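# predicted coordinates and the sequence they were generated for:
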Amino acid sequence: MNMLNKSEHLTRRDFMKGSVIGTMGLTLGVNGLWTITSDAQSTARSKVVVGKSENIIGSNNKVDQTIVEKVLDASMMKFTNTSSVDSAWKSLFSPKDKVGIKMNVMMTATHEELVLAIVKNLTKIGIPDANIFIWDRDRGGIGEKGVYNRNQSFGYHSNSLSNIIMEHATALINVPGVKSHWLSGIAVAVKNWIGAVTNINTLDRDVVFVIHKNSCEDIGMIPALPEIKNKSRLVIADAIRPLFNGGPQVNPAYLWQNKEIMISTDPVAIDALCLQKIQERRFKEKGAEWPLSPPPISVAAAEKKYNLGVSDLKRIDVERVEV
Amino acid sequence: MNPQIIILIILSLMMYCSKSDNIRNLLPERVEIPGWRPGDKFVYKGEDSLSSYLDGGARLYGSYGFKEVGILSSEDGRNGTLGVELYRMEDSRGAFGVYLFNQSGESVEVGSRGCYNDGLLQFWKGNYYGRIVMVNGLETPEASLISLAQNITSKIPGSAPIPFIMNCLPQKNLIAKSERYFFHYLPLNNFYYLADYDILKISTGAEGVYAEYRQTSDSSATKSDIILDGQPARIAYFIMIRYAKPEDAHSAGISFLGAYLKLSADLNSQLGRERIIVKDPKNNWIGIHQKSQYLLLILQGRSKKYCGHVY
C-alpha cells in the first residue's frame, strides 16, 4: 500500500510548502535541509549513543582495531547504562543466542574491524564462535574467521528471506555502512536489510518485495517483517567514513572522516541522525543549499508507515562518548 | 526447425558472445603498477545482474541504457585497492550521459573526455564509460591511472559526437562541469528533484540537459548562498528538454504548470506563446517557456526579469 493515492504525486514544491507533513513527515526546510516533522500524536522516544575517536582511522585510511574496540566498548556501556563491557553485551544477548550479524559489503562497506570487535564481545560473553554468522546477501562466514572469509553460501528460504534469519539466528545485529544513495536519498540501517532478502530487482518487476518506487519509500517493509523485527536486538552503524554524495558507487571526493559509530536498538533513529549528519556535511561542502536528491522519504515512512522506530530528531535522545 | 532460423540463432549467439568477449578483452590483463597483485575479472550483463554489484544503483545505469560492465580488481596487500570498471551502454549518448552524471575533478586527456579527482579517473569514449578508482594506494596515482585508462581507450575504436542539445546551452555564466545530460527522469531527479514521477514526460523519447548558472548580478547574494571563486553567488538551475514533436513539449509544459506549479488551466494557452514566470513557495522565481519542440525551465531565479531574459 502506498502512502499516496494513485492520482496523487509528490513534487519538490509540495515538500517546500510542507503540504505533505501529515502523511510523509518530510519537509524541505530553510537551507535546503530535509526536516522530518513531528507528528503530534507520537510520543515515543529513542536513544542513540554516538561513539567517536579522533584516532579511529590510522595510516593509509585503515581503521585501527584497538581503537575501534575501545569506542565500541565505551559506547555499549553508555547505551546500556552498565559499568562493564560484559554486562553491556549480556544485557542484550544470552550465551544461548545464535547471532546473525548483517553487515554491508556494497561499496561503502562496513569496516571488518568493527565487525571483528562485535564478534569478540559476543564470544567473551559465552556465545560459541560457531554460533555467530556474519553475512550480506547469500554469502557469509562463521565466527572470527568469518569476519574476513565470507564465501559460504547460506541461500534463501522459500519466503525469500536469508536462511541465516530463518534457520540459524535467534538474534540479529544490524551493522550498516552510512551513505547517500541515488535512489533513496540515504542508505543506512533500514535499507541494510535489503541485503537479507532475494526476489527483488531494481525495476520491481515480478517480485515479492516492491521497494524501489517513489525514492524507495517502502524499504521499511523488509525490517518490518516479523522474522526480522522480532529477532532484531541491536543496530551498530559504521559512520567512520561515510559517503555524502552519490552512492552506492563511491567517488572518494565525497567520503569524509567522520570517525564515529552509532548504537541504538532503533534503526529509524539511526537513519534520522545519519540523514542530519550527511546534510550538514553537504551544506559545509558546498557552503549553501544542497538538498539530498531524491528526498529521503523512506526515513519518515519507516516510522509512520512501518512503525520501526522514531524519525523525528526532537524525540531522539543522543548521548555522546569520546575515546 | 527451419535451418535459416537455426543459423540466425547461432549468429545471434555468436554476436552476443563476441560482445561479451570484447568487454573482457578491452580490460587489461593485469595492472601495470609494481607490487599490485592481479585480481579477478568478471562481467555483469543487464540491469538485474548489475544490481548484484551496484545494488539499487543499477537502476540509474539502467536509465542510461546499460548493457554490460567488465570489472577488474587488484590490490597491493597493504589496504590499497584498485577497481577498473568499463561500462558498455546501448549507445554513445547513454555512455556520454552517465559520464557527465558522474564527472568531477579536473579534465584529463583520456578517450573523448576524461576527468580525475582523489584517486578516481573517469572517461567516455563511444558506447563506453569507464571508471578506475584507487583507494588507499599510491600517494600520487593520477599518472598510473591515466596510463591504465589510455591502454583501454586505445582499444575502443572510433569516437562519437556529443549530443546536439549540449551545444544549445548558453555559455555565459555557466558553472563549469555543472552540465548533465539525460533521457529519463531518474537522473534528473538526482540533479534537481522535481517530482516522484516523470512530470516532464521525458519518457516520450525526449532528451534533456541540466546546468547551473551564476546569476548575472550577484548583488542580492548573501553569505548563505553558494561560494564560487571565494565569493557568494546565487545559482539558477536550468533544464532544457528537446521532445520529438512540439505537441509533446507543449503537453509536458502543461503537465508541469498543473502538477508542479498548480496553476490554473487558463495559463495553458500562454504556453508556447510567451514565457510564464511565477514565484515558488520560497519566494524564488520559476520561468517556463516552450519554444517549438523545446521546453525550458529556469528554477530559483533571483528575479522575474532574470527568468525572462536568461534564454
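Sure thing, it's come through.

# can you pull out the low-pLDDT segments for chain A?
For chain A, applying pLDDT under 70 flags the ranges A:1-8, A:19-24, A:30-31, A:38-40.

# and the longest helix for it?
Secondary structure of chain A read by DSSP state H shows that its longest helix is helix A:267-286.

# is there contact, residue-wise, from it to chain B?
Yes. Contact of helix A:267-286 with chain B (C-beta under 8 Å from any C-beta of the partner chain) involves A:Lys286. Placement of C-beta: from N, CA and C, glycine included.

# packing partners for the helix or strand following that helix?
Once helix A:267-286 ends, the next helix or strand along the chain (criterion: DSSP states H and E) is helix A:297-304. For helix A:297-304, the elements it packs on are helix A:21-24, strand A:26-28, strand A:185-187, helix A:189-192, helix A:213-216, helix A:267-286, judged by 3 or more C-beta pairs under 8 Å, 6 or more residues apart in numbering or on different chains; DSSP states H and E.

# residues in contact with helix A:297-304?
Residues lying outside helix A:297-304 but in contact with it, judged by C-beta atoms under 8 Å, 6 or more residues apart in numbering or on different chains, are A:3, A:10, A:23-26, A:36-37, A:39, A:42, A:184-186, A:190-191, A:214-220, A:223, A:267-268, A:271-272, A:275, A:308-312.

# hmm, 7 Å instead?
Under the contact criterion C-beta atoms under 7 Å, 6 or more residues apart in numbering or on different chains, helix A:297-304 has outside partners A:3, A:24-26, A:36, A:39, A:184, A:190, A:214-220, A:268, A:271-272, A:275, A:308-311.

# got CSV for the helices and strands packed on helix A:297-304, with mean neighbour count and distance to B:Leu257 too?
Output for the helices and strands packed on helix A:297-304, formatted as CSV (neighbours: other C-beta atoms under 10 Å in any protein chain shown; distance: least, C-beta to C-beta, whole Å):
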stretch, mean neighbour count, distance to B:Leu257
helix A:21-24, 16, 24
strand A:26-28, 24, 21
strand A:185-187, 29, 27
helix A:189-192, 30, 35
helix A:213-216, 21, 23
helix A:267-286, 23, 30
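
# could I get the full set of strands for the stretch 101-250 of chain B?
Per DSSP state E, counting those that start in this stretch, the stretch 101-250 of chain B carries strands over the ranges B:106-107, B:113-117, B:120-125, B:128-135, B:180-182, B:207-214, B:226-228, B:231-233, B:235-242.

# indicate which one of those is closest to chain A.
strand B:226-228 (3.9 Å; C-beta to the nearest C-beta).

# ends of stretch A:226-245, how far apart?
33 Å (C-alpha to C-alpha, to the nearest Å).

# is that stretch positioned near chain B?
No. Using C-beta under 7 Å from any C-beta of the partner chain, stretch A:226-245 never reaches chain B; the gap is at least 9.2 Å.

# deepest-packed of the strands of the stretch 101-250 of chain B, please.
Highest mean neighbour count among those (mean count of other C-beta atoms under 10 Å in any protein chain shown): strand B:120-125, with a mean of 26.

# show me which residues of chain B sit near chain A.
B:47-48, B:51, B:54-60, B:62, B:78-79, B:104, B:117-120, B:133, B:135-136, B:189-197, B:199, B:224-227, B:259-260, B:280-282.

# show me the helices in chain B, by range?
All helices of chain B, identified by DSSP H, fall at B:3-26, B:46-54, B:58-63, B:92-102, B:142-153, B:185-191, B:246-255, B:304-309.

# least confident of these, on average?
For the helices of chain B, mean pLDDT drops lowest on helix B:3-26, to a mean of 59.

# need the helices of chain B in CSV (columns: mean neighbour count).
Formatted as CSV, the helices of chain B follow (neighbours: other C-beta atoms under 10 Å in any protein chain shown):
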stretch, mean neighbour count
helix B:3-26, 12
helix B:46-54, 18
helix B:58-63, 25
helix B:92-102, 24
helix B:142-153, 19
helix B:185-191, 21
helix B:246-255, 19
helix B:304-309, 17
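
# tabulate those helices (JSON lines), appending distance to A:Met103.
Shown next, in JSON lines, are those (distance: least, C-beta to C-beta, whole Å):
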{"stretch": "helix B:3-26", "distance to A:Met103": "30"}
{"stretch": "helix B:46-54", "distance to A:Met103": "16"}
{"stretch": "helix B:58-63", "distance to A:Met103": "21"}
{"stretch": "helix B:92-102", "distance to A:Met103": "26"}
{"stretch": "helix B:142-153", "distance to A:Met103": "29"}
{"stretch": "helix B:185-191", "distance to A:Met103": "27"}
{"stretch": "helix B:246-255", "distance to A:Met103": "43"}
{"stretch": "helix B:304-309", "distance to A:Met103": "49"}
